[in-house]
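Show me the folded form of this:
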Amino acid sequence: MMRHWRSAGRTDPGKVRRRNEDAYLDCPERCLWAVADGMGGHQAGDLASQMVIGALDGLALEGSLNEGVLEVRQCLHWVNRRLGEALTVVVGRAEPIMGSTVVVLLVREGRAACIWAGDSRCYLWRGKRLFQLTRDHSLREQLIDQGRYSSEEAGQQPGAHALTRALGGDETLRLEVLEFRVVPGDTFLLCSDGLYQGQSDESLSKALSQAQPPRALEFLFDKVLQGRAPDNLTGVVVRQ
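Residues are numbered from 1 along each chain as shown. The predicted structure is shown next:
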């Protein structure tokens, strides 16, 4: 499997925040990649994202795609419980929450699964077209789904970017899973919101059309870091 997939990952704190609360996993030998974004403004977001990535990195994933998806789901549910237990460390402080988004890509024998909670995303570049595979678990997306607001109007509502799902956010973790077949030339981008916010579909497409994953990341990061870069930014590019 390692011969068929090339990948690269990168993270940066940006220009405003002192701590980097993002983390990523780049593991082509197991065909496993992930990005986690600690919940901004909350206690120990960096520890939460590192806990998520550390747990995923410990998975053996030696079976089929279905078995791998089950392993990943069980792992993330375990982390969710651990984050809930960790609240005792910060009880009594403002916003006693340790939480993180997560997006995972797992590939096995021509099939792939994307597993996520929160607003970290997975994009697919296929046949010179860009597809957003994940759907944000946010209030903005919820308002759009309900048909109450247009995309632009929903983004202007109070708390529009508040997450409706995340690890550590609730006792019951609700993960979303998308399974599909992969084809030669597929290129994926897993990223935190700090990397995709402010990027047009055109700029994402131009980056993912690059032949080498490190070059694609360089293009994306340069574009963000030339601006205000108010948030941590993290990306993993995977190419067949």
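
C-terminal to the longest helix seen in the chain, what's the next element?
Taking DSSP state H as the criterion, the chain has its longest helix at helix 65-85. Scanning forward in sequence from helix 65-85 by DSSP states H and E, the next helix or strand is strand 100-108.

got the angle between that following strand and helix 65-85?
In terms of direction (axes from the mean of the first three to the mean of the last three CA atoms, to 10 degrees), strand 100-108 departs from helix 65-85 by 160 degrees.

Show me what counts as buried in the next helix or strand after strand 100-108.
From strand 100-108 onward toward the C-terminus, using DSSP H and E, the following helix or strand is strand 111-117. The neighbour-count check on strand 111-117 (16 or more other CB atoms under 10 Å) flags 112-117 as buried. To be clear about C-beta, it is placed using only N, CA and C from the backbone, and glycine gets the same treatment.

For strand 111-117, which helices and strands make contact with it?
Using 3 or more CB pairs under 8 Å, 6 or more residues apart in numbering; DSSP states H and E, the elements in contact with strand 111-117 are helix 65-85, strand 100-108, strand 176-181.

so what secondary structure elements neighbour the shortest one?
The contact analysis (3+ CB pairs under 8 Å, 6+ apart) places strand 176-181 against helix 65-85, strand 111-117.

cutoff 10 Å now
In terms of contact count using 3 or more CB pairs under 10 Å, 6 or more residues apart in numbering; DSSP states H and E, strand 176-181 is assigned the packing partners helix 65-85, strand 100-108, strand 111-117.

want to try a markdown table for the ones you listed, with mean pLDDT as columns?
Listed next are these as a markdown table, based on pLDDT from 0 to 100:
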| stretch | mean pLDDT |
| --- | --- |
| helix 65-85 | 95 |
| strand 100-108 | 97 |
| strand 111-117 | 98 |
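
Return the most buried member of the ones you listed.
strand 100-108 (a mean of 27; mean count of other CB atoms under 10 Å).

Would you mind writing the CA trace of it as CSV?
Extracted C-alpha coordinates of strand 100-108, given in CSV (Å, rounded to 0.1, in the frame of the first residue of the first chain):
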residue,chain,number,x,y,z
SER,A,100,-11.2,18.8,19.6
THR,A,101,-12.5,18.3,16.1
VAL,A,102,-11.2,15.4,14.1
VAL,A,103,-11.1,14.3,10.4
VAL,A,104,-9.6,10.9,9.5
LEU,A,105,-8.9,9.3,6.1
LEU,A,106,-8.4,5.6,5.9
VAL,A,107,-7.7,3.7,2.7
ARG,A,108,-7.8,-0.1,2.0
